[in-house]
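Student: Fold the stuff below for me.
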Amino acid sequence: MPTDRRNLMAQGVLLGAGLATGGFAPVAAGQARGGTAASFVSKRPAPADRRFVSPAVEREIARVSRMIADPELAWLFANCYPNTLDTTVRMGMMGGKPDSFVITGDIPCLWLRDSAAQVKSYLHLAKQDAKLRELFRGLIGRHARSVLIDPYANAFMEDPSATTSLDWAKTDVTEMKPGVAERKWEIDSLCYSMRLSHGYWHETRDPAPFDAAWADAMRAIVRTFREQQRKTSPGPYKFQRASRQPTETLLAGYGAPTRKNGMIHSGFRPSDDACQYSLFVPANLFAVTTLREMARVASEARGDAALANDATALADEVAAATAQHGTMRLADGHDVWAYEVDGYGNAIFMDDANVPSLSSLAWLGCVPADDARWQRTAAAAWSEANPWFFKGSAGEGIGGPHQGMDYIWPMSLIVRALSARDDATILKCLATLKRSHAGTGFMHEAFEKDDVRKFSRDWFAWANGLFGELILHLAATRPQLLRAPLDAVAV
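Tutor: Below you'll find the model as predicted:
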């Protein structure tokens, strides 16, 4: 059977028995619980084997680690936070400029979403570290070139002339171009490129990466979003895949019928699973936010008023459409954001751990944290109102169709902790995360609700980076929680 992302679940079963892949040494028995700081041996590659070294990041690891009282939590942070730099970055040059290719971990391709999210927790250090600035310039440039290859693709090859190396994508019925690894149309892929650019500009005010190619890519994003409003036609994108999983393909290549209302259609969710209804609400709200962010970069870094105005006008239109059509009422009468709608009045309420999600909207800056509708939505997502919310002896959290029933994604716990405003919720999330790594010292894609030894993806850099971001957030906002005795917290 061809390998696909779902089949990586088998790796977790092996690792839970003490085996390791991805270049990481196994954890000795007994090291996954208790002990002193000295008993937790670093799971980072040897210094000579690290793919990218940032002095600023190393100083940050040391600074924050000193703030963490629990030795296991400190060990997890020191393993996870630098994981993207240690293992996934491939630096080069392209046209006399830096080129950064950032793989997801155990899949050696660049996902626009993952790569942007993986480096986000280093942004605040870029101003003080020239090497980090080179990394960000190279990744922004790589994103721009990738979008110009195909704005409908979600993943790309390192060699822009290569055909896909992903077995599961080789026979897809779609227009596969050289350089494309997978061509699942996901709104969030382009949103993350815009967010990467805005984050770097906000932190550094460095105009270097915002060249003509970048502007062309941003115009391609606006054009693609407009095409996928599908006001006059279904647009140029079609996709089908032969699979036993219905979430891997689109009905007739386009998805279920919709009534066009100004929202942007998405073929797939950020989990890479097909949308049930193509008007995917979290991604539309994320598009509104990131279009406005991109407009600021276009205006401030390039003086490109035409691009900024076009992006802002589209953001305003999508915001109005989503506000009008993207809500629903639950069975208890509560007014909430829907997960997906079809424009005919049909809507789905659920949440998936992958970001953007309903639970992540405040953290992403798409809605105010004190917005009453979002608070109702997030509470319902973390409850039995959400069919992908699971609770077991190993903890509780949100999963999704990608790994299936009873599997909780650590990402959902991290996002909940990043969004929470009360200490008890954050501590409970931290305690579950600490207990979920199954002795590997890293975050996983998903773990079984009653047995953390059953997990998928031992090398998933996005989750590792997001965990590092959570610890940095707590160090800056609630440092007292990093001194809390987590073993006493019930999960």
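Student: quick one: Asp406 from Phe40, how far?
Tutor: 29 Å (Cβ to Cβ, to the nearest Å). No exception for glycine: its C-beta is placed from N, CA and C like everyone else's.
Student: more crowded one of these two?
Tutor: Taking neighbours as other Cβ atoms under 10 Å, Asp406 and Phe40 compare with Phe40 leading, 21 against 16.
Student: Was I right to think the more buried one contacts Trp75?
Tutor: Yes. Look at Phe40 against Trp75 with Cβ atoms under 8 Å: they come within range, at 3.6 Å.
Student: Mutual contacts of those two, please.
Tutor: Common contact partners of Phe40 and Trp75 (Cβ atoms under 8 Å, 6 or more residues apart in numbering): Gly441.
Student: For the residue lying closest to Ala144 once chain neighbours are set aside, which three-state class applies?
Tutor: The shortest distance from Ala144 to any non-neighbouring residue, by Cβ to Cβ, 6 or more residues apart in numbering, is to Ala217 (3.9 Å). What DSSP: H, G, I helix; E, B strand; the rest coil gives for Ala217 is helix.
Student: thought Ala217 was touching His143?
Tutor: Yes. Between Ala217 and His143 there is a contact under Cβ under 8 Å: 7.2 Å.
Student: So for those two, which sits in the more crowded spot?
Tutor: Neighbour count, other Cβ under 10 Å: between Ala217 and His143, His143 has more, with 27 against 23.
Student: any idea which helix or strand carries that one?
Tutor: For His143, the element it lies in under DSSP states H and E is helix 130-149.
Student: That helix - what's its average pLDDT?
Tutor: When pLDDT is averaged along helix 130-149, the result is 98.
Student: Validate this expectation: Ala319 resides in a strand.
Tutor: No. Looking at Ala319 with three-state DSSP, it is helix, so not inside a strand.
Student: Counting neighbours, what do you get for it?
Tutor: 21.
Student: Name the nearest residue to it, ignoring sequence neighbours.
Tutor: Per Cβ to Cβ, 6+ apart, closest to Ala319 is Val288, 4.5 Å.
Student: Against Phe210, how distant is the one you found?
Tutor: The value you get for Val288 to Phe210, if Cβ to Cβ is used, is 21 Å.
Student: cool, Thr377 as well?
Tutor: Per Cβ to Cβ, Thr377 is found 35 Å from Phe210.
Student: And the two? Which one has more around it.
Tutor: Using other Cβ under 10 Å, the more surrounded residue of Thr377 and Phe210 is Thr377, with 30 against 23.
Student: my guess is the more buried one contacts Leu358, does it?
Tutor: Yes. Between Thr377 and Leu358 there is a contact under Cβ under 8 Å: 5.2 Å.
Student: hey, what's in contact with both of these two?
Tutor: Counting by Cβ under 8 Å, 6+ apart, the contacts common to Thr377 and Leu358 are Val336, Trp337.
Student: State the distance from Ala475 to Gly468.
Tutor: 11 Å.
Student: Look at the two and report which has more neighbours.
Tutor: Shown here are Ala475 and Gly468; by other Cβ under 10 Å, Gly468 has more neighbours (29 against 19).
Student: Not counting sequence-adjacent ones, nearest residue to the more buried one?
Tutor: Gly468's closest residue in space is Tyr81 (Cβ to Cβ, 6+ apart), at 3.1 Å.
Student: Can you read off the pLDDT for the one you found?
Tutor: With respect to pLDDT, Tyr81 scores 98.
Student: hang on, it packs against Leu466?
Tutor: No. Checked against Cβ under 8 Å, the pair Tyr81 and Leu466 is beyond contact range at 10.1 Å.
Student: list residues touching both of those two?
Tutor: Contacts common to Tyr81 and Leu466, judged by Cβ under 8 Å, 6+ apart, are Ser121.
Student: Packing partners of the helix holding His143?
Tutor: Judged by 3 or more Cβ pairs under 8 Å, 6 or more residues apart in numbering; DSSP states H and E, the packing partners of helix 130-149 are helix 55-65, strand 89-94, strand 97-102, helix 112-119, helix 187-204, helix 212-227.
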